[in-house]
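Asker: Structure, please.
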Amino acid sequence: MKERDARSHRLLTLVTFPFVVNLCLIAAFGVFALSHFSRSVSAQEHPSSAAVLELKLNGVVEPILATYIDEGIADAEQRHASLILITMDTPGGLSDSMQNIIQHILASRIPVAVYVTPTGARGASAGFFILLSADIAAMAPGTHTGAASPVISIGGFQLQIDETMRKKILNDALAFLGSYA
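Answerer: Residues are numbered from 1 along each chain as shown. Below you'll find the model as predicted:
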């Protein structure tokens, strides 16, 4: 009796093992086909729906960098990206270029995240204003922002201005920041 039970158990094992292996292979193939098919369908329906366009704002904020950011935002909108990620490491820069970038960030139909990175980076002066204009403002550990006082310079040389003019320029910068932050 025990011998018969052992033989039937062995036979059941031999019959069951290939069946289970085949069943697993069929299930795996089905999952693969289903996931591949659903990805193809969603890719056709929304070609760039999950795309994140990264722009790098490194160095001094000046007209060429502002044009690069502005064109990058327009490109992301044309591609129907889900998010625009601006990674930033800047000491600041020109007020007009900063305002141009901020106006494009605020007008963007796509959410904009500004991320001060890598460790040791800064989003100072004009970078502080740009950081606060984003839908998402983030900073990597060991980064900093601030020092956002307007400075008047021509050709890289700082101009001395009287106290009244300094206050007017500072109040204008604060009003601009307050209009969107």
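Asker: And the contacts of stretch 68-76?
Answerer: With C-beta atoms under 8 Å, 6 or more residues apart in numbering as the test, stretch 68-76 has contacts from 51, 53, 55, 57, 84, 86, 100-101, 104-105, 108, 110, 112. The C-beta positions use only the backbone N, C-alpha and C, and glycine is treated the same way.
Asker: Pick out the most distant pair among those.
Answerer: 51 and 100 (24.3 Å; C-beta to C-beta).
Asker: who's more crowded, the two?
Answerer: residue 100 (18 against 15; other C-beta atoms under 10 Å).
Asker: pretty sure the more buried one belongs to a helix, no?
Answerer: Yes - Residue 100 forms part of a helix when assessed by DSSP: H, G, I helix; E, B strand; the rest coil.
Asker: Tell me which residues touch the residue nearest to it when sequence neighbours are not counted, please.
Answerer: Counting by C-beta to C-beta, 6 or more residues apart in numbering, residue 100 lies nearest to residue 66, which is 4.5 Å off, once chain neighbours are set aside. If you count contacts by C-beta under 8 Å, 6+ apart, residue 66 has them with 97-98, 100-101.
Asker: Try it again at 6 Å.
Answerer: Taking C-beta atoms under 6 Å, 6 or more residues apart in numbering, we find residue 66 in contact with 97, 100-101.
Asker: what's it sitting at in phi/psi?
Answerer: For residue 66, the backbone dihedrals (degrees, to the nearest 10) come out as phi -60, psi -40.
Asker: try residue 139
Answerer: Dihedral angles phi and psi of residue 139 (degrees, to the nearest 10) take the values phi -140, psi 140.
Asker: Isn't it up against residue 114?
Answerer: No - using C-beta atoms under 6 Å, residue 139 is not in contact with residue 114; the gap is 9.2 Å.
Asker: Mind checking which of the contacts of stretch 68-76 land in strands?
Answerer: Within the contacts of stretch 68-76, residues falling in strands by DSSP state E are 53, 55, 57, 84, 86, 112.
Asker: Relative to residue 163, how far out is the residue lying closest to residue 102 once chain neighbours are set aside?
Answerer: The shortest distance from residue 102 to any residue other than its chain neighbours is 4.4 Å, reached at residue 133 (C-beta to C-beta, 6+ apart). Distance of residue 133 to residue 163, computed by C-beta to C-beta, to the nearest Å: 29 Å.
Asker: okay, the two: which has more neighbours?
Answerer: residue 133 (24 against 7).
Asker: Tell me the spacing between residue 69 and residue 161.
Answerer: 29 Å.
Asker: higher neighbour count, those two?
Answerer: When neighbours are counted by other C-beta under 10 Å, residue 69 and residue 161 differ, and residue 69 comes out ahead with 23 against 14.
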